[in-house]
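>>> The following block contains a protein sequence and its predicted model.
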Amino acid sequence: MPKTSKKPFKTLHGQLLLDGGSLGGSCFHRSVVLVCEHTPEGALGLVLTQPGTQLLEDSLPGEVPPPFQGVHLFEGGPVQPTALSYLYSHPGHLLGNVLPQLTIGHQIEELEELMNSGSPELRLKVFSGYAGWAPGQLDNELRQNSWLIAPADLSLIFETPSQDLWKTLLRQRPNWQERILADTPDDIAAN
């Protein structure tokens, strides 16, 4: 009996997932998700394109330092919407757990410590909820062409306005059909 070779697992850890045009009607419509963890046991990501209405100071038990007051949480995904996660970077932080110089954290104490550090070079985004996939689920969605994959970098995460990120990334795609998707109306029927 011939042996069947199993394809080695390919992680998307540290990559961006873009709605490839088939996620209309879902919470991932026209979204960009940073994959923070991806193993054979499943995946976890944060939606970078959905700023929420909830303020940071309304979500933390302690006092929020003035530079962070009025900052809105991003809606990181539909799983556990009350769970807080954050992405941070600063030049002295070379080793990250998502990308070099980029770390995801979940501990409120560490978040408060970062905000109170007074570092003018700290870059921080805070999220409520996250995107999660069971074992094999993300791989199936990729096979169905639900997602496009793009490399992540700090400037995309922290400097590109969240409302422009999906279109910006699509316009950089080599495939012209994907580039055109960036300029299609949200509701084609209304065109």
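Thanks, I have it. Small disclaimer: the values here were computed from a predicted structure and weren't measured. Numbering: from 1, shown residues only.
>>> Tell me where this structure has helices.
108-115, 137-143, 154-158, 162-171, 176-181 (DSSP state H).
>>> Report the contact partners of Pro135.
Pro135 makes contact with 40-42, according to CB atoms under 8 Å, 6 or more residues apart in numbering. For every residue, glycine as well, the C-beta is placed using N, CA and C.
>>> one more time with 10 Å, if that's ok
Residues near Pro135 by CB atoms under 10 Å, 6 or more residues apart in numbering: 39-43.
>>> swap in Leu102?
Contacts of Leu102 (CB under 10 Å, 6+ apart): 14, 34, 36, 87-89, 93, 95-96, 123, 152-154, 157-158.
>>> Out of the helices of the chain, which gets nearest to Phe74?
Distance to Phe74, taken as CB to CB, is lowest for helix 162-171 among the helices of the chain, at 7.3 Å.
>>> Which residue is the nearest non-sequential neighbour of Leu46?
Distance criterion CB to CB, 6 or more residues apart in numbering; nearest residue to Leu46, sequence neighbours excluded, is Gly76 at 4.3 Å.
>>> Pull out the CA atoms of stretch 171-188 and give them to me as PDB.
C-alpha atoms of stretch 171-188 as PDB (Å, rounded to 0.1, in the frame of the first residue of the first chain):
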ATOM      1  CA  ARG A 171      -3.900  48.100  -4.500                       C
ATOM      2  CA  GLN A 172      -0.500  46.600  -4.000                       C
ATOM      3  CA  ARG A 173      -1.500  43.100  -5.200                       C
ATOM      4  CA  PRO A 174       0.100  41.700  -8.400                       C
ATOM      5  CA  ASN A 175      -3.300  40.400  -9.600                       C
ATOM      6  CA  TRP A 176      -5.300  43.100 -11.400                       C
ATOM      7  CA  GLN A 177      -8.700  41.500 -10.400                       C
ATOM      8  CA  GLU A 178      -7.700  41.900  -6.700                       C
ATOM      9  CA  ARG A 179      -6.600  45.500  -7.300                       C
ATOM     10  CA  ILE A 180     -10.000  46.300  -8.900                       C
ATOM     11  CA  LEU A 181     -11.700  44.900  -5.800                       C
ATOM     12  CA  ALA A 182     -10.300  47.900  -3.800                       C
ATOM     13  CA  ASP A 183     -12.400  50.300  -5.800                       C
ATOM     14  CA  THR A 184     -15.700  48.400  -6.000                       C
ATOM     15  CA  PRO A 185     -18.600  49.900  -4.100                       C
ATOM     16  CA  ASP A 186     -19.500  48.300  -0.800                       C
ATOM     17  CA  ASP A 187     -22.900  47.400  -2.200                       C
ATOM     18  CA  ILE A 188     -22.600  46.500  -5.900                       C
END
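>>> Make 194 the starting number, not 1.
Yes, from this point I'll number from 194; that puts the last item at stretch 364-381.
>>> Can you give me the buried ones in it?
The neighbour-count check on stretch 364-381 (16 or more other CB atoms under 10 Å) flags 366, 371, 374-375 as buried.
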